[in-house]
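> structural data only, the sequence is not supplied:
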């Protein structure tokens, strides 16, 4: 565990407790830094939040703007969550700010303390734009003390974190739509009808105008690149650097944000190609795992998607790649015990992949039980004692394309194995 994560683990409750009262009190004691941020783009949703943030940031930086970003969770180091003017906050600066936050004396959770620290850091460092990703839900998320965002963005909404958000899709959508604020335009990814109805109801109640993908604009892959169209223009753009059909949709949402802010087409094209966002169907060619795959003439991919919606995106991306260059496919899967493993494997049942289930550091599902779930969905699955063992077995059995998937925690373990693969 990195030093900042260990510090927070020792000093703050580990629970998730959705409430804004502690956060409001903490921010008030710190001088309400959330009210002194650069113009804020607030991003909620079930999947694609981090990728959309990365696209928006890359485009804005290509346009010459200085951009802050707050995202979660981290993969290797806690510092990844707070980016100031394009660079990760360093340990010394973060420790100084955490001293100030902890000096208030409230019983804030880890996420509340981290969010307060991010707001302090971003409010005290000049920038043109701040992009803030919701942690969980929306209405009661710690980031929702932001009352005057420049724009609100909602990525695709689906079921996840049922123990906190419930199993009603309209209910989950209403939680996510809690970031919509009076007078601030909401840019909305393509949604199901019931999700869009809940978002529309919230927008109407708070007088937030909406721009909706599939209605007011759209984006699609075309001729090796991507196209974007709204009611005023058609843009012929390069393919986004992030892999998978779902990333075209995430990129399209980011392009709509960029155009709302009058960013030039050249910066949009440059940002789409420059974007980096680790563990989202990331090709790994270095480090101990990348070296092992390369020695076996196999592709190795790492993806942190951890719910059925993310698994469907992974399945579609792998199917697209398999159609172009067929190779024996293996999935190395580790999933948190509280996630919908059945829904995850159901989305991948037609992949034809051999599955190897693994543990990781944290509250993960038992590999034997996980393998049984996979077999119940028609996949050949074997439990392994560790990730290295699973990869060795997959390669020995002839896998030419391997995807390590199921959890950002597992992806973080993969990337942490070699300094060259750490997110920067």
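Yes, it's here. Computed from a predicted structure; not experimentally measured. Residues are numbered from 1 along each chain as shown.

> SS state for residue 330?
Three-state assignment for residue 330 (DSSP: H, G, I helix; E, B strand; the rest coil): strand.

> find the nearest non-adjacent residue to the residue positioned nearest the centre of the chain, please.
Centroid-nearest residue in the chain: residue 50, 3.2 Å away (criterion: CA atoms, centre = their mean). Spatial nearest neighbour of residue 50, chain neighbours left out: residue 71 (5.5 Å); criterion: CB to CB, 6 or more residues apart in numbering. For every residue, glycine as well, the C-beta is placed using N, CA and C.

> I'd assumed residue 78 was in contact with that neighbour.
No: counting by CB atoms under 8 Å, residue 71 stays clear of residue 78, with 11.5 Å between them.

> which of the two has more neighbours?
Comparing residue 71 with residue 78 by other CB atoms under 10 Å, the one with more neighbours is residue 78, at 25 against 22.

> contact partners for the more buried one?
The neighbourhood of residue 78, defined by CB atoms under 8 Å, 6 or more residues apart in numbering, consists of 2, 4, 5, 8, 94, 114.

> confidence score at the third one?
Right, residue 5. pLDDT, residue 5: 89.

> please, which helix or strand holds it?
helix 3-11 (DSSP states H and E).

> where in the protein is pLDDT low?
For the chain, the stretches with pLDDT under 70 are 13-16, 160-166.

> domain map for it?
As given by automatic domain parsing, the domain ranges for the chain are 3-274, 282-421.

> if I look at the residue nearest to the centre of the chain, how far off is residue 266?
For residue 50, the distance to residue 266 equals 25 Å [CB to CB, to the nearest Å].

> try residue 424
Distance of residue 424 to residue 266, given as CB to CB: 25 Å.

> can you give me the strands in the stretch 301-424 of the chain?
Remark: strands assigned in the stretch 301-424 of the chain by DSSP state E, counting those that start in this stretch are 329-333, 354-357, 381-383, 401-405.

> and of the ones you listed, who's closest to residue 255?
Nearest to residue 255, of all the strands of the stretch 301-424 of the chain, is strand 401-405, at 27.2 Å by CB to CB.

> and the angle for the closest one with strand 329-333?
Counting by axes from the mean of the first three to the mean of the last three CA atoms, to 10 degrees, strand 401-405 lies at 20 degrees to strand 329-333.

> quick one: buried residues of strand 401-405?
For strand 401-405, burial by neighbour count (16 or more other CB atoms under 10 Å) applies to 401, 402, 403, 404, 405.

> just how off-centre is it within its chain?
Between the centre of strand 401-405 and the centre of its chain there are 18 Å (CA atoms, centre = their mean, to the nearest Å).

> what's the closest non-adjacent residue to residue 167?
Among residues not flanking residue 167 along the chain, residue 159 sits closest, at 6.3 Å (CB to CB, 6+ apart).

> my read: the one you found touches residue 170, true?
No: with contact defined as CB under 8 Å, residue 159 does not reach residue 170; the gap is 11.1 Å.

> so where do the helices sit in the stretch 1-150 of the chain?
3-11, 21-29, 49-62, 91-102, 110-123 (DSSP state H, counting those that start in this stretch).

> what's the closest of these to residue 211?
With CB to CB as the measure, helix 49-62 is the member of the helices of the stretch 1-150 of the chain nearest residue 211 (14.2 Å).

> list the helices and strands that closest one packs on?
strand 40-44, strand 67-70, strand 129-133, helix 245-260, helix 265-274 (3 or more CB pairs under 8 Å, 6 or more residues apart in numbering; DSSP states H and E).

> got the angle for it vs helix 245-260?
Going by the same axes, to 10 degrees, helix 49-62 makes 40 degrees with helix 245-260.

> give me the angle between helix 49-62 and strand 129-133.
170 degrees.

> ok, and what's touching helix 49-62?
The contact list for helix 49-62, computed with CB under 8 Å, 6+ apart, reads 41, 43, 45, 67, 69, 71, 83, 86, 128-129, 131, 133-134, 153, 155, 189, 240, 242, 247, 250-251, 253-255, 257-258, 261, 263, 266-268, 270-272, 274-277, 280.

> can you pull the buried residues of that helix?
49-62.

> JSON lines please, covering these and showing distance to residue 319.
What follows is the buried residues of helix 49-62, written out as JSON lines (distance: CB to CB, whole Å):
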{"residue": "49", "distance to residue 319": "24"}
{"residue": "50", "distance to residue 319": "23"}
{"residue": "51", "distance to residue 319": "19"}
{"residue": "52", "distance to residue 319": "23"}
{"residue": "53", "distance to residue 319": "26"}
{"residue": "54", "distance to residue 319": "24"}
{"residue": "55", "distance to residue 319": "23"}
{"residue": "56", "distance to residue 319": "28"}
{"residue": "57", "distance to residue 319": "29"}
{"residue": "58", "distance to residue 319": "27"}
{"residue": "59", "distance to residue 319": "28"}
{"residue": "60", "distance to residue 319": "33"}
{"residue": "61", "distance to residue 319": "33"}
{"residue": "62", "distance to residue 319": "31"}
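
> out of those residues, flag the one nearest to residue 347.
Nearest to residue 347 among the buried residues of helix 49-62: residue 51, at 18.1 Å, using CB to CB.

> what residues are up against residue 351?
Going by CB under 8 Å, 6+ apart, residue 351 touches 315, 318, 319, 322, 329, 331, 379.

> now do the SS call for the residue nearest to residue 167.
coil.
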